[in-house]
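# need coordinates for the below:
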Amino acid sequence: MKKLRPYLLLAPLILLGILFLLGVGNALIQSLGYIPAFGMTDLTLEYYKQVFSNPTLIASVKVSLVIAVVSSVLAAIFGVLLCAALVMNGYVRDRIVQAIKIPILIPHTIVALFMIMFLSQNGLLARILFHMGLITAQDGFPMLLYDTNHIGIILAYLWKEIPFVAYFVLALMTSINSTLGEAAENLGASGIRSFFHITLPLCMPAVNKALLIIFAFSFGAYELPFLLGATIPKALPVQAYVEYIHPDLRHRAYAMAMNGVMLLITLGISGMYYLLSRKTERMNGEQRG
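Residues are numbered from 1 along each chain as shown. Predicted structure coming up:
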């Protein structure tokens, strides 16, 4: 019985994994146009071609890429700066560190409601500016939500992702700064020089991993683009849902092709994450040797 215990404990995870793989496999088959229930039995790449040739679908891919790239890069930059500020000021075990966990834990739908309440043209910030006399009408407040610039979506992601990057890198940066960083400062380097020449370069593998994680998430996320995004063009996950609920059920093949594109990009990012992890392990092994 003891020999079977590990397998019994893993059984729920294995079952969920099998169901997940079956769902992904079924979606990929449908993306190739094979949906017998709708009279579609020929395998074809036509639906993938449509994703990269139909102007509406191309626009959706671009929207998702812009949101993912801008939000993840800015989150990585400001997350590292926030982490550095915590480390340099000795707040690594302070309540401030616990406070930065709060945005990570809040669901994206709640974040979207916060953004609507504060950043819409009739939101709290617009009303404050109106009462201060800084704007004279509702339309005097900049359009941050439901706009093709995607500012509201990016701000919502930054509110959650900057603390994630900071918390993701915090332990490593603390360790490096307290050893090699302090050694460099004892040898005459300034705190800033020590950070940019020693601490930050050694933290970059962790920063790159965090960047890949938030890029993959924001590229495939549905909630914020749906609640805060422009009507046209829509983000790729939102457009995929629109195609999925189309009255013509044969449009589900287009939806699955879009999901297939997101899956391929996510798998590519996962591969990059794996290579970064292996490279980091190899470097650590060489340093220990």
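
# okay, now residue 240: neighbour count?
25 (other C-beta atoms under 10 Å). Glycine gets a C-beta too; all of them are placed from N, C-alpha and C.

# could you tell me the end-to-end distance of stretch 102-110?
12 Å (C-alpha to C-alpha, to the nearest Å).

# quick one: distance of it to the chain centre.
13 Å (C-alpha atoms, centre = their mean, to the nearest Å).

# confidence score at residue 209?
If you check residue 209, the pLDDT there is 87.

# and what of residue 284?
60.

# grab the longest helix from this structure for me.
helix 252-288 (DSSP state H).

# so, low pLDDT: which residues of this protein?
1, 181-182, 185-189, 191, 280-281, 283-289 (pLDDT under 70).

# just the helices from it, written as ranges.
5-31, 46-51, 55-88, 95-99, 101-105, 108-119, 124-131, 151-176, 182-186, 191-194, 200-220, 223-228, 236-244, 252-288.

# among those, which comes closest to residue 40?
Taking C-beta to C-beta, helix 252-288 is the member of the helices of the chain nearest to residue 40, at 6.8 Å.

# distance between stretch 36-52 and the chain's centre?
On C-alpha atoms, centre = their mean, the centre of stretch 36-52 falls 29 Å from the chain's centre.

# and the helices of the chain as JSON lines, adding distance to residue 145?
Formatted as JSON lines, those follow (distance: least, C-beta to C-beta, whole Å):
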{"stretch": "helix 5-31", "distance to residue 145": "31"}
{"stretch": "helix 46-51", "distance to residue 145": "27"}
{"stretch": "helix 55-88", "distance to residue 145": "14"}
{"stretch": "helix 95-99", "distance to residue 145": "26"}
{"stretch": "helix 101-105", "distance to residue 145": "19"}
{"stretch": "helix 108-119", "distance to residue 145": "6"}
{"stretch": "helix 124-131", "distance to residue 145": "11"}
{"stretch": "helix 151-176", "distance to residue 145": "4"}
{"stretch": "helix 182-186", "distance to residue 145": "45"}
{"stretch": "helix 191-194", "distance to residue 145": "38"}
{"stretch": "helix 200-220", "distance to residue 145": "17"}
{"stretch": "helix 223-228", "distance to residue 145": "5"}
{"stretch": "helix 236-244", "distance to residue 145": "15"}
{"stretch": "helix 252-288", "distance to residue 145": "24"}
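
# residue 38 is nearest to which of these?
helix 252-288 (7.6 Å).

# returning to what we had before: closest one to residue 138 among the helices of the chain?
helix 124-131 (6.7 Å).
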